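S.K.: The sequence and its predicted three-dimensional model are supplied below.
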Amino acid sequence: MKYGLFFILFCVLISSCTINKNVMFKTDTDYEFDTLDDTTTTNFLISPNDEILFRLFSNEGARLIEMTAGITEGVQNRAILPSFTYTVQPDGMLELPEVGFVMLAGMTIQEAQLHLEELYAEFYKRPFAQLQIVNNRAIVFSGEGGNARVVPLQNQNMTLIEVLAMAGGVAQRGNASKVKLIRRYDDKPYDVFMMDLSTIEGIQHANMIVQANDVIYVEPVPEIAREILQDISPIVTIISNLALIYAIFRSNL
């Protein structure tokens, strides 16, 4: 009877164990992380499903300068294409007035602007293109287990350290030596990069350019002692109550 009771309590303890249950995106000890290179550390790239604010000016943007300066009289032959938001299709194409479908995915903002200026040169005199992506965001787990923040990428070419700072930095429980960046793609498997930001040498990784929909995960340090105590506290309470009941029962015999 006594051993049966202990066996039941042991099973309950194991089934209710919460140690490290809030650790996400686990990888095996021999997992091969992707290698950082020039394509992953520099320049923001346009991706499918990006929402792009597009504006076009003629005469190399002279009208834009005059509007900014408050000059509106005497402006002639400087066509302006109204600004609208356009969505990059899953295949990377963007449909724009007059030029139709244009492949922009994989280009930097600067490359896309120059490409559009070349296309619109057929319709406008010395066109000047402006692009701005308005829906970029990254997800940051700062090291408190499952707690996360969605961080808008307000500027192009925001670095990993900037995005972490906007999310409040590495949490007290976070392990700065184990920072994972998970980069998802629409047309191929995800990449996983592991970075050590606990030393000054890690600054080279902290300058990595964050892309839209990246997941930054700071691995939390396991709080084994606290979680064990948290798990066994209900069991200890049950055992104490059973012992008290047993003692009262024995005293009444």
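M.R.: Yep, it's here.

S.K.: okay, now the residue nearest to Gln172 when sequence neighbours are not counted: neighbour count?
M.R.: With CB to CB, 6 or more residues apart in numbering as the criterion, Gln172 has its nearest non-adjacent residue at 7.6 Å, and that residue is Gly143. All C-beta spots, glycine's among them, are computed from the backbone N, C-alpha and C. Residues contacting Gly143 under the criterion other CB atoms under 10 Å number 23.

S.K.: Need phi/psi at Gly143.
M.R.: Dihedral angles of Gly143 (phi, psi; degrees, to the nearest 10) stand at phi 120, psi 10.

S.K.: Please, where are all the helices along the chain?
M.R.: In the chain, the helices defined using DSSP state H lie at 2-15, 38-41, 62-69, 109-120, 160-166, 203-206, 224-251.

S.K.: so where's the stretch 151-253 of the chain shaky on pLDDT?
M.R.: Within the stretch 151-253 of the chain, the set of residues satisfying pLDDT under 70 comprises 186-188, 223-236, 238, 246, 249-250, 252-253.

S.K.: mind running it again at 80?
M.R.: Applying pLDDT under 80 to the stretch 151-253 of the chain picks out residues 156, 185-188, 222-253.

S.K.: Any figure for the gap between the closest residue to Val140 other than its chain neighbours and Leu119?
M.R.: Once flanking residues are discounted, Val140 sits nearest to Ala167: 3.8 Å by CB to CB, 6+ apart. According to CB to CB, to the nearest Å, Ala167 and Leu119 sit 38 Å apart.

S.K.: which one of the two has more residues nearby?
M.R.: Taking neighbours as other CB under 10 Å, Ala167 and Leu119 compare with Ala167 leading, 20 against 15.

S.K.: got a list of what the residue nearest to Ala212 when sequence neighbours are not counted touches?
M.R.: For Ala212, ignoring the flanking residues on the chain, the nearest one in space by CB to CB, 6+ apart is Asn136 at 4.4 Å. The contact partners of Asn136, by CB atoms under 8 Å, 6 or more residues apart in numbering, come to Phe44, Asp50, Pro152, Leu153, Ala212.

S.K.: Same list (these) but as JSON lines, adding neighbour count and distance to Leu94.
M.R.: Output for the contacts of Asn136, formatted as JSON lines (neighbours: other CB atoms under 10 Å; distance: CB to CB, whole Å):
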{"residue": "Phe44", "neighbour count": "20", "distance to Leu94": "16"}
{"residue": "Asp50", "neighbour count": "22", "distance to Leu94": "9"}
{"residue": "Pro152", "neighbour count": "13", "distance to Leu94": "21"}
{"residue": "Leu153", "neighbour count": "22", "distance to Leu94": "19"}
{"residue": "Ala212", "neighbour count": "19", "distance to Leu94": "15"}
